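Asks: Could you work out the structure for the sequence below:
(chains A and B)
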2 protein chains.
Amino acid sequence: MTDITFAVLGTGGIGRRTLEVSQHTDGLVPVAACDRNGIAVDHDGLDVDELLEATEGNIAGDGRGETGSSDAATDGGVAASSGVKQTGDDAGIVASAQGEPTETPIDDVIAESDAIDAVLIALPNLEHDFIPRVADRFVEADYSGVLVDVLKRSRVIGMLDEREEAFEDAGITFVCGAGATPGFLTGTAALAAQSFVEVQEVDIWWGVGLKSGYEDNRGTVREDIAHLDGYDIETARSLSETEIEEIIDEHDGVLEFQDMEHADDVLLERAGVCDADDVTVGGVLDVRSDEKPTTTTVSVTGTTFDGETATNTFQLDDDTSMAANVNGPALGYMKAGVMRHRVGDDGVYGPTELLPRF
Amino acid sequence: MTDITFAVLGTGGIGRRTLEVSQHTDGLVPVAACDRNGIAVDHDGLDVDELLEATEGNIAGDGRGETGSSDAATDGGVAASSGVKQTGDDAGIVASAQGEPTETPIDDVIAESDAIDAVLIALPNLEHDFIPRVADRFVEADYSGVLVDVLKRSRVIGMLDEREEAFEDAGITFVCGAGATPGFLTGTAALAAQSFVEVQEVDIWWGVGLKSGYEDNRGTVREDIAHLDGYDIETARSLSETEIEEIIDEHDGVLEFQDMEHADDVLLERAGVCDADDVTVGGVLDVRSDEKPTTTTVSVTGTTFDGETATNTFQLDDDTSMAANVNGPALGYMKAGVMRHRVGDDGVYGPTELLPRF
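Replies: Take a look at the predicted model:
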């Protein structure tokens, strides 16, 4: 496979770490990155070390994902949704020698997109139609290539499906839900299901310790709070930072989630593994420790062709961070998406659809 | 995806179970099967129930995989290598109402191959070049489609690679090592590796309880004995059935294997997961119990981008049989191979190369 050039929308925790992880593999060349205030482009490859170093520790966005502001009209909401540097002379990516200020970061990426094979949308998704609307921008600009997101909410998949024809017409391969869960763990569930002719239940249980990554991942934490009893996306988005800290304090820093609306369910159903109703997702987030509060485990229970009921399990070592488990898979699925795109097989794919399956 | 028609070469344990498992999924239509003495063809789909019932319990081949006989010249060795019914009026597949006797089973399958999308080579591989030579027959006949095998030995992959250009010229997508290990477990190892930017070690440890499947899987057991200390492929092939029983008796029915030459190593290296030398395969086979003597476990140890060393693990439930873990994946990889073939992406693929990967 020839080199894959890619851009990252959003330089919060996920965007930054994706740039970093891409340095560890051959054939992936990051050529553009943007945040609220700026864009960095180099078609020969960004200097990732410089970019990360210049902007390190300056992620101060609150992850609230406001897209109702006037910014939304021009940049599709990238501005307010990605944390950016709030201190110093230059904000966010503009602090990098490679960064240029802009009012229209997404438009600026689109303007370069003839030379961009894939775009990772690394933005919090606090409005259901936020990522679909970002995708619309690429459709309108007649972008031909791969879009990858790490979204979590089940209902967003349907919104992308509604756009499938538009993606195909434009020549876009959209890989949705390609992070850890959904994404990595959904893929392992699909593989684990290969022992079975019928799957009764998929149980995904995750643990995340986020002390040192907390500042970088406020958007993700806010999204998770929306899954707690008594909260939804709207109420979580309206919380102030102080209110979020209060919620975290009430739980002594440890938030436990049951029956989350994670897109693993619809993605496994799309792939023919099981019904969405047979998938449960939950987990425990500790924002005051880097130790995982529980071991991430995928359990797939099914019936074999010879009539046995059994449960295959996949476990992530507690020493693998959320970042490690999001970004490796996201880049792997991006590569798989580029392969599909290069043979003209555009449309909407969940990660499990990029796996061989029975 | 439109329906996939497929043929099975060999109706020993793996071939029979593949036909059976294919009944549990949509879109896979078995249209041909052959053994030493006969062939069954129905382009609208074989009556698998009838075929399996008519030949049940009559697998009496010794799995020795003799290919030096005169048969080899005409049928590529399929004859003596697949167990066939030795009792009753009709031998093997000819006992089925769908079976027709033939001296040239592979040629007969090839003659039908215009309407066959994929061929599963479900034959023991007791000569290193046996499966490659079967593939040569398809190349010579200018077959265009997918060949899938469930081979185990690392060195065979190289022999297939030598033929890659010939496969591409003919229009053949060859998926090699697509059973349980290599195959299923190799795939899970590749996925488990996605947490890591560098993989230090992959350890595959399998358990198989084969009491009720022993008669059907003599060829597999003989292949396994070739991995024991003091034996190799040649000596294992020359063993009489009585000698094999003696070896099994000496071990009280439980054979333990260390450092097996299983192609997981080269397949993971091909996929860029790790060096072949970093892969170890071993396991325990109990031919006197259906209970697994040990839990099949894949352990992948690597370093994350943020510098942690960790081990992700995948475990198969003890209640999943070898047959369940071979045949589901084999059909899944066959489907993935057909997708590659349909977009003109021919050549040689290991299962891990059909997965998204970082």
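Asks: What segments of chain A are strands?
Replies: A:4-9, A:28-34, A:38-41, A:99-101, A:118-121, A:145-149, A:172-175, A:198-209, A:254-257, A:279-286, A:297-303, A:309-315, A:347-349 (DSSP state E).
Asks: For residue A:327, find the nearest of those.
Replies: strand A:118-121 (9.3 Å; Cβ to Cβ). Yep, even glycine has a C-beta here, placed from its N, CA and C like the rest.
Asks: So for that closest one, what gets flagged as buried?
Replies: By 16 or more other Cβ atoms under 10 Å in any protein chain shown, the buried positions in strand A:118-121 come out as A:118, A:119, A:120, A:121.
Asks: do stretch A:334-352 as well
Replies: By neighbour count with 16+ other Cβ under 10 Å, stretch A:334-352 contains the buried residues A:334-342, A:346-352.
Asks: Equivalent analysis for stretch A:239-257, please.
Replies: For stretch A:239-257, the neighbour count (16+ other Cβ under 10 Å) marks A:239, A:244, A:247, A:248, A:253, A:255, A:257 as buried.
Asks: What is the lowest-pLDDT residue among the buried residues of strand A:118-121?
Replies: Checked by pLDDT, the buried residues of strand A:118-121 have residue A:121 as the lowest-scoring entry (94).
Asks: wait, that one sits on residue A:147?
Replies: Yes. The pair residue A:121 and residue A:147 qualifies as a contact (Cβ atoms under 8 Å) at a distance of 6.4 Å.
Asks: Would you mind listing the residues touching both of those two?
Replies: Taking Cβ atoms under 8 Å, 6 or more residues apart in numbering or on different chains as the criterion, residue A:121 and residue A:147 both touch residue A:135.
Asks: measure the nearest residue to residue A:157 once chain neighbours are set aside to residue A:160 for me?
Replies: Residue nearest to residue A:157 in three dimensions, not counting chain neighbours: residue A:266, with 4.8 Å by Cβ to Cβ, 6 or more residues apart in numbering or on different chains. As judged by Cβ to Cβ, to the nearest Å, residue A:266 and residue A:160 stand 10 Å apart.
Asks: can you list the domain ranges for chain A.
Replies: Chain A breaks down by automatic domain parsing into domains covering A:4-180+A:323-354, A:184-317.
Asks: hey, which of the ones you listed is tucked in deepest?
Replies: Neighbour counts (mean count of other Cβ atoms under 10 Å in any protein chain shown) averaged over each of these peak at domain A:4-180+A:323-354, with a mean of 21.
Asks: May I have the distance across it, first residue to last?
Replies: Domain A:4-180+A:323-354 has an end-to-end distance of 18 Å (criterion: Cα to Cα, to the nearest Å).
Asks: Stretch A:176-186 too?
Replies: In stretch A:176-186, first residue to last residue: 12 Å (Cα to Cα).
Asks: And for residue A:281, nearest residue in space, chain neighbours not counted?
Replies: residue A:262 (4.0 Å).
Asks: which residues in the stretch 151-300 of chain A form helices?
Replies: For the stretch 151-300 of chain A, the helices defined by DSSP state H, counting those that start in this stretch occupy A:154-162, A:164-170, A:184-192, A:218-225, A:233-238, A:241-250, A:264-270.
Asks: Can you tell me which helices and strands the longest one packs against?
Replies: If I follow you right, that is helix A:241-250. Applying 3 or more Cβ pairs under 8 Å, 6 or more residues apart in numbering or on different chains; DSSP states H and E, we find helix A:241-250 packed against helix A:218-225.
Asks: what do you get for the last one?
Replies: Counting contacts by 3+ Cβ pairs under 8 Å, 6+ apart, helix A:264-270 packs against helix A:154-162, helix A:184-192, strand A:198-209, strand A:279-286.
Asks: Now do that helix: distance to the chain's middle.
Replies: From the chain centre to the centre of helix A:264-270 is a distance of 16 Å (Cα atoms, centre = their mean, to the nearest Å).
Asks: Residue A:315 touches residue B:313, doesn't it?
Replies: Yes. Applying Cβ under 8 Å, one finds residue A:315 in contact with residue B:313, separated by 5.1 Å.
Asks: anything in contact with each of those two?
Replies: By Cβ under 8 Å, 6+ apart, no residue touches both residue A:315 and residue B:313.
Asks: Next, give phi and psi for residue A:178.
Replies: Note on residue A:178: its backbone torsions stand at phi -110, psi 30 [degrees, to the nearest 10].
Asks: before we move on, back to that, export the helices of the stretch 151-300 of chain A to a markdown table and tack on mean pLDDT and distance to residue A:200?
Replies: Output for the helices of the stretch 151-300 of chain A, formatted as a markdown table (pLDDT from 0 to 100; distance: least, Cβ to Cβ, whole Å):
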| stretch | mean pLDDT | distance to residue A:200 |
| --- | --- | --- |
| helix A:154-162 | 92 | 20 |
| helix A:164-170 | 96 | 30 |
| helix A:184-192 | 94 | 13 |
| helix A:218-225 | 84 | 28 |
| helix A:233-238 | 88 | 30 |
| helix A:241-250 | 93 | 35 |
| helix A:264-270 | 93 | 12 |
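Asks: Just put those in JSON lines and tack on distance to residue B:103.
Replies: Shown next, in JSON lines, are these (distance: least, Cβ to Cβ, whole Å):
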{"stretch": "helix A:154-162", "distance to residue B:103": "54"}
{"stretch": "helix A:164-170", "distance to residue B:103": "51"}
{"stretch": "helix A:184-192", "distance to residue B:103": "42"}
{"stretch": "helix A:218-225", "distance to residue B:103": "66"}
{"stretch": "helix A:233-238", "distance to residue B:103": "70"}
{"stretch": "helix A:241-250", "distance to residue B:103": "77"}
{"stretch": "helix A:264-270", "distance to residue B:103": "48"}
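Asks: Distance of residue A:151 relative to residue B:150?
Replies: Counting by Cβ to Cβ, the separation of residue A:151 from residue B:150 is 37 Å.
Asks: Next: residue A:8.
Replies: 41 Å.
Asks: Over to residue A:49?
Replies: Residue A:49 is 46 Å from residue B:150, by Cβ to Cβ.
Asks: Next: residue A:322.
Replies: According to Cβ to Cβ, residue A:322 and residue B:150 sit 37 Å apart.
Asks: pLDDT weak spots in chain A?
Replies: A:1, A:57-90, A:124-126, A:356-358 (pLDDT under 70).
Asks: Quick one: residues contacting the residue nearest to the spatial centre of it.
Replies: Centroid-nearest residue in chain A: residue A:150, 1.8 Å away (criterion: Cα atoms, centre = their mean). Contacts for residue A:150 (Cβ under 8 Å, 6+ apart) come out as A:14, A:120, A:121, A:122, A:177, A:178, A:179, A:183, A:326, A:330.
Asks: so which of those comes closest to residue B:92?
Replies: Of all these, residue A:183 has the smallest distance to residue B:92: 46.7 Å, by Cβ to Cβ.
Asks: how about the closest one, what does it touch?
Replies: Applying Cβ under 8 Å, 6+ apart, we find residue A:183 in contact with A:150, A:177, A:326, A:329, A:330, A:333, A:351.
Asks: ok, it to residue B:154 distance?
Replies: Distance of residue A:183 to residue B:154, given as Cβ to Cβ: 31 Å.
Asks: how far away is the nearest residue to residue A:190 once chain neighbours are set aside from residue A:269?
Replies: Excluding the flanking residues, the one nearest residue A:190 by Cβ to Cβ, 6+ apart is residue A:352, at 4.2 Å. Distance, residue A:352 to residue A:269, using Cβ to Cβ: 9 Å.
Asks: No more questions from me, cheers.
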